[in-house]
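Asks: A structural model of the following input is requested.
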Amino acid sequence: MFKIKQILKIGFIFLMKCWSRGKSLVIRLYYLLKSKLLYVRAKSLSTARVIASPLLNFSLGIFAIPCIIFVAIYVRYRKTPSRDKPNLLFGAVPIIGLTYIAQSLKAIGYQATVITCMRSRIFKDSDFDVVLYEGHSTATNFELFWFFFSGHMRSYFYFIKALLNIDIFNYYFDGGILQITCLKKYELSILKFARKKIVLMPYGGDAFVYEEIANAHWRHGMISNYPQLGDNSHKIKALVHRSSRLADVVVGCLVHYVNLPRWDILPCVYYPVDTQKLQPTYPKDSGSIRIVHATNHRGVKGTVFLEEAVKRLQNEGIDVTLDVIEYVTNDEALERMAKADIYVDQLVFGYALAALEAMALGKIVISGLNDIEQNKVFCNYSYLNECPVIAGDVDTIYDVLKELISHRHEWEALGKKTRSYAEKRHSFESSADMYQMIYRKIWWKEDIDLINYYHPLLSPNREQPDLHPEKCELVDS
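Replies: Residues are numbered from 1 along each chain as shown. A predicted model of the protein is given here:
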């Protein structure tokens, strides 16, 4: 009886906080109208979005809160369902890597669902199991109102459904199913109350705190594409720390680990590619040279420096072309990438999903692995020593390409190395192994040493790797 009273008290306080939040939104809207700024904002934003969003968000939240609290209490005290394997959910930003993780786990018998809160310009809606908000830029005011209303209703519906059916929630740091609702801030707390397990992963803007990024090139690249994140850095830092405290496991990775207060496992990249679907076509040892570069974020990718380097090579009479892939579907990007000899990923930091796809296709891959200090932890405690990606940044890309071109007879062997690395470290099988270790620890409570899972000396899967120590050793001048 005492527990029930405590729960009701917590629920009442929760309702009052939401009411206070809603009142502040209404007051802000009043002053917006009073100062005649609504007309100015309506030029760039839909009038329906400006007027309806705060009020509708608050109203729908008030109706949803009692239902969510009731279901959370029921789930907390009900008998745990008997399952061979836990049910999984991934969300909620439209990044295809989540779908690849889910596919790798489905292949070994897990039930996995991928939910995204918004549509993507690059990936199809069908790439994800559920798209909560289906708005688009050409929608009318009424359509925007309907998308907003239905998106919130769908968010609450799927969250309640997930509370009842999902065991482990795999999220980014900027929120899950309730990301577009007024309950975003409380989602992880509700999940913990309902005895759910939480795995968090950073993808970039969800976890970067600009003023705490030591590498000025990294910071400048991010600011050039996402300046607004600098204004919100204090909020991002608070969110990352609060979320980390609630998480059962935090997955680190290249670059995005820098502002995490902790990580429990340290892969170089935590999502896979389908090495069965992507078959290699190795670089040519003669004829015209084709360089491919996919960029939806030119500042982070260092695109202008690559374009300048290729122009210099062309002016020197070298038969080389550059194909810049920008704002096209993932299927088209893969078709164009398959025709490449060299794939240049990002010249500012690390390597990411497109580089994995290029490696699976057997291409020579260049990416920004020049920051020895930031990468050292992945050499000593993960598998970056094995990585055949060639380090190149905004200062060195011309010299790196010139050196590669002078050793063209080695290209096929380099392509085979990248393919082999993708199969070993970034295939569906290797990804499923890692996530299964995580779930065995947090769901079955097995004694698994996640922090040393990839340790070159302590890993249970340790074997003699094909090392590339230049990633981690300072070169004497």
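Asks: who's in contact with Arg312?
Replies: Counting by C-beta atoms under 8 Å, 6 or more residues apart in numbering, Arg312 makes contact with Tyr398. Every residue, glycine included, has its C-beta placed from N, CA and C.
Asks: Please tell me how far it sits from Arg298.
Replies: Distance from Arg312 to Arg298, counting by C-beta to C-beta, to the nearest Å: 19 Å.
Asks: One more: Gly91?
Replies: Going from Gly91 to Arg298 by C-beta to C-beta gives 28 Å.
Asks: More neighbours: the two, which one.
Replies: Gly91 (26 against 16; other C-beta atoms under 10 Å).
Asks: List the contacts of the more buried one.
Replies: Gly91 touches Leu98, Val114, Ile115, Thr116, Cys117, Phe169, Asn170, Tyr171, Tyr172, Gly176, Ile177, counting by C-beta under 8 Å, 6+ apart.
Asks: Who does it form a beta bridge with?
Replies: Beta-bridge partners of Gly91, counted by DSSP bridges, are Tyr171.
Asks: ok so, going back, out of the contacts of Gly91, name the ones that lie in strands.
Replies: Val114, Ile115, Thr116, Phe169, Asn170, Tyr171, Tyr172 (DSSP state E).
Asks: Touching, Tyr282 and Trp411? I think so.
Replies: Yes. With contacts defined as C-beta atoms under 8 Å, Tyr282 counts as touching Trp411 at a distance of 7.4 Å.
Asks: Any chance of a PyMOL selection covering the buried ones in the contacts of Gly91?
Replies: Selecting only the buried entries of these in PyMOL, with 16 or more other C-beta atoms under 10 Å as the criterion:
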select buried, resi 98+114+115+116+117+169+170+171+172+176+177
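Asks: how about TSV for the contacts of Gly91, with pLDDT and distance to Asn87 added?
Replies: Listed next are the contacts of Gly91 as TSV, based on pLDDT from 0 to 100; distance: C-beta to C-beta, whole Å:
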residue	pLDDT	distance to Asn87
Leu98	97	15
Val114	97	13
Ile115	96	13
Thr116	94	18
Cys117	90	20
Phe169	98	10
Asn170	98	11
Tyr171	98	15
Tyr172	97	19
Gly176	95	15
Ile177	96	14
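Asks: In TSV: the contacts of Gly91, plus distance to Glu211.
Replies: Shown next, in TSV, are the contacts of Gly91 (distance: C-beta to C-beta, whole Å):
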residue	distance to Glu211
Leu98	29
Val114	33
Ile115	32
Thr116	30
Cys117	28
Phe169	30
Asn170	29
Tyr171	25
Tyr172	21
Gly176	27
Ile177	31
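Asks: give the contact list for the residue minimising distance to the centre of the chain.
Replies: Taking C-alpha atoms, centre = their mean, the centroid of the chain lies closest to Tyr203, which sits 3.1 Å from it. Applying C-beta under 8 Å, 6+ apart to Tyr203 gives the contacts Val93, Ile95, Gly97, Tyr172, His256.
Asks: Pretty sure the last one sits against Val209.
Replies: No. In terms of C-beta under 8 Å, His256 does not count as a neighbour of Val209; the distance is 11.4 Å.
Asks: Give me the more crowded residue out of these two.
Replies: His256 (25 against 20).
Asks: Can I take it that the more buried one is in a strand?
Replies: No. Counting by DSSP: H, G, I helix; E, B strand; the rest coil, His256 is located in no strand; its state is coil.
Asks: doesn't Ala238 fall inside a strand?
Replies: No. Assigned with three-state DSSP, Ala238 falls outside any strand and is helix.
Asks: Quick one: residues contacting it.
Replies: Per C-beta under 8 Å, 6+ apart, neighbours of Ala238: none.
Asks: what about it, distance to Cys117?
Replies: Ala238 is 21 Å from Cys117, where distance means C-beta to C-beta.
Asks: Quick check: Ile364 touching Asp345?
Replies: No. When contacts are counted by C-beta under 8 Å, Ile364 is not listed as touching Asp345 (11.1 Å).
Asks: Which one of these two is surrounded by more residues?
Replies: Asp345 (28 against 25).
Asks: so how far is Asp127 from that one?
Replies: Taking C-beta to C-beta, one finds Asp345 at 21 Å from Asp127.
Asks: And for Leu306?
Replies: Counting by C-beta to C-beta, the gap from Leu306 to Asp127 is 28 Å.
Asks: so where is the protein shaky, pLDDT-wise?
Replies: Low-confidence segments of the chain, defined by pLDDT under 70: 1-56, 134-146, 462-477.
Asks: Break it down into its domains, please.
Replies: Taking automatic domain parsing as the domain assignment, the ranges for the chain are 2-250, 289-426.
Asks: Which stretch among these approaches Arg262 most closely?
Replies: Smallest distance to Arg262 across the domains of the chain (C-beta to C-beta): 5.7 Å, for domain 2-250.
Asks: out of the contacts of Gly91, which one sits closest to Ile448?
Replies: Asn170 (17.3 Å).
Asks: which residues touch that closest one?
Replies: By C-beta under 8 Å, 6+ apart, the residues touching Asn170 are Leu88, Leu89, Phe90, Gly91, Leu98, Ile101, Val199, Leu200, Met201.
Asks: In TSV, list those residues along with distance to Lys184.
Replies: As requested, the contacts of Asn170 are exported to TSV (distance: C-beta to C-beta, whole Å):
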residue	distance to Lys184
Leu88	21
Leu89	16
Phe90	17
Gly91	12
Leu98	18
Ile101	23
Val199	18
Leu200	15
Met201	18
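Asks: Now intersect those residues with the helices, please.
Replies: Among the contacts of Asn170, the members found in helices (DSSP state H) are Leu98, Ile101.
Asks: And the contacts of Asn170, which is closest to Asn232?
Replies: Comparing the contacts of Asn170 against Asn232 with C-beta to C-beta places Leu200 closest, at 18.5 Å.
Asks: List the residues that contact the nearest residue to that closest one once chain neighbours are set aside.
Replies: Nearest residue to Leu200 in three dimensions, chain neighbours excluded: Ala247, at 4.4 Å (C-beta to C-beta, 6 or more residues apart in numbering). Ala247 makes contacts with Leu188, Ile198, Val199, Leu200, as judged by C-beta under 8 Å, 6+ apart.
Asks: What values do phi and psi take at Ala247?
Replies: As for Ala247, its main-chain torsions (degrees, to the nearest 10) stand at phi -80, psi 140.
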